[in-house]
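J.: Sequence plus the predicted model coming up.
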Amino acid sequence: MKLEELLPFEEIVIQCHDDPDADAVASGFALLEYLRSQGKNARLVYAGSRPITKSNLLLMIQMLQIPLEYVQSLDHAPALLITADCQDGQGNVSYLPRQALAVIDHHQVADLEKLPLLQEVRSSYGACSTVVWDLLRQAGFSFHRRLSTALYYGLYMDTNRFQDLSHPMDKDLRDGLKIDRDALLRLQNANLSLEEIGIAGQALADLHCNADHRFAVAEVQPCDPNILGVVSDMLLEVDAVDVCVAYCMLSGGVKFSVRSCLPEIRADGLAQWLAKSLGSGGGHLTKAGGFLSRDSLEEACADRGWDGLSGAAGRLIYSRMTGYFEDRIVLRAGEYQPEPDMALYRKKKVVVGYAPAEEIFPVGTEILIRMLEGDATLEVTPGLCVMIGVDGEIYPNKMENLRRNYELLPGSYDIESEYPPTVYDTATGEAKLLAACARRCAAKETALIRAKRLDCRAKVYAQWDPDNPMLGEAGDWLACRAEDPNDIYIIKRSIFEKTYEKQEE
């Protein structure tokens with residue numbers, strides 16, 4: 001979607017999710033500034049059971065002059081309602097009337113069929129601020145310093161102070177905006193009030209830890225739900241905790257926040273697991289949250305004989321956390337025996353890409369390749385080339401290895417990726433697109449493999465890197481070389497379906 005597609009509508013309301021955070025406020029503010037610059041009658045609102053009370057958000061709204069309104073409802077249906085940093089129908093979004101709907105978000109999509117035609121959801125981004133920033137750039141919008149500061153702060157807060165920054169577009173926002181550093185410093189140091197630090201301290205004092213699986217669950221007194229994120233961030237700094245949940249009782253049920261610092265434990269998947277049949281959950285790889293409805297929770301707890309909703313909610317969350325950790329398999333090369341239902345597959349002759357590094361920057365240049373998987377820094381050496389896989393994934397190779405294993409094909413290679421891989425000269429900052437010199441190649445005949453689809457999460461220690469496990473989700477493939485069953489590894493679902501075909505035994 002392009003922002004120009006919103007312009008046929010005259011009266012537009014931008015809605016942040018209930019209990020908005022800095023990212024929701026910033027992305028909504030950016031959309032408001034764009035629409036008003038185009039002469040539209042636009043307003044920025046949020047709903048829910050309570051107005052904002054968190055100190056840093058109130059300061060953000062005041063300092064950056066953000067005209068955010070708290071509403072119980074709307075007196076009439078605007079021509080267009082835009083949900084920013086959220087998706088209509090989710091548990092954290094109160095219904096507001098509308099004639100037409102648009103969605104701009106960065107969370108996982110719960111139901112593709114419920115998304116409207118006007119939508120831009122980029123679930124791999126760290127913040128909705130980045131989504132809106134990129135849309136505004138494409139529209140040729142000029143950013144003023146207050147707006148730049150708001151977007152920067154939205155990304156900063158939603159990526160745990162940039163600690164969880166991974167998508168290259170998020171890094172481009174961080175590096176590309178001119179912000180008010182004094183305002184940012186004040187916001188960074190206004191995250192908690194004296195009352196809120198007392199609430200957080202009590203939650204940390206009463207937490208329940210599981211030493212076997214290294215997770216913690218903490219109940220927080222009723223408060224602004226944004227405090228849950230603060231508590232869960234604090235919990236994750238404990239040396240004995242890798243995954244945590246902070247929750248609090250609200251009038252309609254239980255709000256919870258999830259954090260994970262383990263690559264094999266996705267916070268969004270865990271949130272969905274906790275909320276299954278009881279409410280809704282979702283988010284990102286390291287940060288997520290959800291809501292358990294009071295009625296569903298009371299019914300589930302009554303079946304278990306748990307009295308008192310507050311204590312029962314904690315027991316239920318703890319029980320589901322334990323089940324989540326136990327519902328996975330761990331496999332090690334040398335100890336695994338192929339299962340009888342593993343079928344035989346051959347790699348297709350799929351066209352991929354390569355780019356000689358010397359054609360990008362001279363030999364001896366230190367370069368940074370910014371891509372979806374992260375940033376990679378290396379020195380341009382004779383014979384170095386950069387491979388481009390079927391999903392746009394990037395990795396270094398040597399031309400001698402390339403010629404041995406691939407057939408070089410004529411023509412340029414079109415990189416299909418949501419983010420075009422970019423190569424930077426680390427000394428000068430000069431940037432070049434990898435696509436400018438990418439060429440085509442295809443794998444030669446390779447050995448057969450045996451593979452089966454995973455029906456649960458898996459951690460696999462492969463022969464070539466026994467210290468760093470490969471991680472698989474349900475739907476990915478467990479594979480091993482046909483002539484060496486001990487050589488086991490994970491192939492991601494999207495890559496397997498594009499590159500392998502079944503063979504007759």
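T.: That came through, no problem.
J.: where do the helices sit along the chain?
T.: With DSSP state H as the criterion, the chain has helices at 22-37, 55-63, 128-138, 145-158, 168-176, 181-188, 194-205, 226-235, 267-275, 294-304, 309-326, 399-405, 493-499.
J.: Residues touching the second one, excluding its own?
T.: It refers to helix 55-63. Around helix 55-63, the neighbours that count as contacts under C-beta atoms under 8 Å, 6 or more residues apart in numbering are 20-22, 25, 52, 66, 68, 150, 153, 183, 186-187, 190-193, 196, 226. (C-beta placed from N, C-alpha, C; glycine too.)
J.: Just give the nearest non-adjacent residue to the most centrally placed residue in the chain, would you?
T.: Closest residue to the average C-alpha location of the chain: residue 284 at 3.6 Å, with C-alpha atoms, centre = their mean. For residue 284, ignoring the flanking residues on the chain, the nearest one in space by C-beta to C-beta, 6 or more residues apart in numbering is residue 268 at 5.8 Å.
J.: cool, residue 387 as well?
T.: Here the residue nearest residue 387, using C-beta to C-beta, 6+ apart, is residue 397, at 4.9 Å.
J.: which residues does the one you found bridge with?
T.: Residue 397 has the following beta-bridge partners by DSSP bridges: residue 385.
J.: Okay, it and residue 353: tell me how far apart.
T.: 11 Å (C-beta to C-beta, to the nearest Å).
J.: Report the set of residues contacting both of those two.
T.: In contact with both residue 397 and residue 353: residue 387, using C-beta under 8 Å, 6+ apart.
J.: Pick out whichever of these two has more residues nearby.
T.: residue 353 (26 against 16; other C-beta atoms under 10 Å).
J.: residues contacting that one?
T.: Counted by C-beta under 8 Å, 6+ apart, residue 353 has contacts 387, 388, 413, 415, 438, 439, 440, 441.
J.: Where does confidence bottom out across these?
T.: Ranked by pLDDT, the contacts of residue 353 bottom out at residue 415, which scores 78.
J.: any idea how far residue 122 is from that residue?
T.: 18 Å.
J.: Check residue 325 too.
T.: In terms of C-beta to C-beta, residue 325 sits 30 Å off from residue 122.
J.: just residue 129 next, same as before
T.: Taking C-beta to C-beta, one finds residue 129 at 11 Å from residue 122.
J.: ok, those two, which is more surrounded?
T.: residue 129 (34 against 19).
J.: Spatially nearest residue to residue 365, not counting backbone neighbours?
T.: Per C-beta to C-beta, 6+ apart, closest to residue 365 is residue 380, 4.8 Å.
J.: count of neighbours near that neighbour?
T.: Residue 380: 20 surrounding residues under other C-beta under 10 Å.
J.: Next one: it from residue 158, what distance?
T.: With distances taken as C-beta to C-beta, residue 380 is found 35 Å from residue 158.
J.: so which of the helices of the chain gets nearest residue 102?
T.: Across the helices of the chain, residue 102 has its closest neighbour in helix 22-37 (9.5 Å, C-beta to C-beta).
J.: Now the closest one: buried residues?
T.: By neighbour count on 16 or more other C-beta atoms under 10 Å, the buried set for helix 22-37 is 22-35.
J.: could the residues you listed be laid out in CSV, adding pLDDT?
T.: Below are these laid out as CSV (pLDDT from 0 to 100):
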residue, pLDDT
22, 95
23, 95
24, 96
25, 98
26, 98
27, 98
28, 98
29, 98
30, 98
31, 98
32, 98
33, 98
34, 97
35, 97
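J.: Can I get those residues in CSV including distance to residue 477?
T.: Formatted as CSV, these follow (distance: C-beta to C-beta, whole Å):
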residue, distance to residue 477
22, 39
23, 35
24, 37
25, 42
26, 39
27, 36
28, 41
29, 44
30, 40
31, 40
32, 45
33, 46
34, 43
35, 45
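J.: Looking at those, which is nearest residue 12?
T.: Using C-beta to C-beta, the buried residues of helix 22-37 come closest to residue 12 at residue 35, 5.7 Å.
J.: count of neighbours near the nearest residue to the closest one once chain neighbours are set aside?
T.: Distances taken as C-beta to C-beta, 6+ apart place residue 42 nearest to residue 35, at 4.0 Å, with adjacent residues excluded. The tally of other residues near residue 42 (other C-beta under 10 Å) stands at 24.
J.: re earlier: which of the helices of the chain has the lowest mean pLDDT?
T.: For the helices of the chain, mean pLDDT drops lowest on helix 294-304, to a mean of 75.
J.: I'd say residue 152 and residue 175 touch.
T.: No: using C-beta atoms under 8 Å, residue 152 is not in contact with residue 175; the gap is 10.3 Å.
J.: what stretches of the stretch 351-500 of the chain score poorly on pLDDT?
T.: For the stretch 351-500 of the chain, the stretches with pLDDT under 70 are 371-376, 418, 446-447, 464-469.
J.: Point out where the stretch 1-150 of the chain drops to low pLDDT.
T.: 110-111.
J.: cutoff 90 now
T.: Scanning the stretch 1-150 of the chain for pLDDT under 90 picks out 19, 49-50, 53-55, 89-92, 106-115, 122-126.
J.: Would you map the strands across it?
T.: Along the stretch 1-150 of the chain, the segments classed as strands by DSSP state E, counting those that start in this stretch run 11-16, 41-46, 68-70, 80-84, 101-105, 118-121.
J.: List the buried residues for the first one?
T.: It refers to strand 11-16. For strand 11-16, burial by neighbour count (16+ other C-beta under 10 Å) applies to 12, 13, 14, 15, 16.
J.: Within the sheet, what are the partner strands of that strand, with directions?
T.: Sheet pairing for strand 11-16, using DSSP bridges, gives strand 41-46 (parallel), strand 80-84 (parallel).
J.: Distance to residue 59 added to these, as CSV?
T.: Output for the strands paired with strand 11-16, formatted as CSV (distance: least, C-beta to C-beta, whole Å):
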stretch, distance to residue 59
strand 41-46, 17
strand 80-84, 20
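J.: Pick the most deeply packed of those.
T.: Compared across the strands paired with strand 11-16, strand 80-84 shows the largest average neighbour count, a mean of 26 (mean count of other C-beta atoms under 10 Å).
J.: Show me what it is in contact with.
T.: Strand 80-84 is contacted from outside by 6, 9, 11-17, 24, 27-28, 31, 88, 93, 96-105, 118, 128, 132, using C-beta under 8 Å, 6+ apart.
J.: one more time with 6 Å, if that's ok
T.: Contacting residues not belonging to strand 80-84 are listed as 9, 12-16, 27-28, 31, 96, 98, 100-104 [C-beta atoms under 6 Å, 6 or more residues apart in numbering].
J.: and the angle from it to strand 101-105?
T.: 20 degrees (axes from the mean of the first three to the mean of the last three C-alpha atoms, to 10 degrees).
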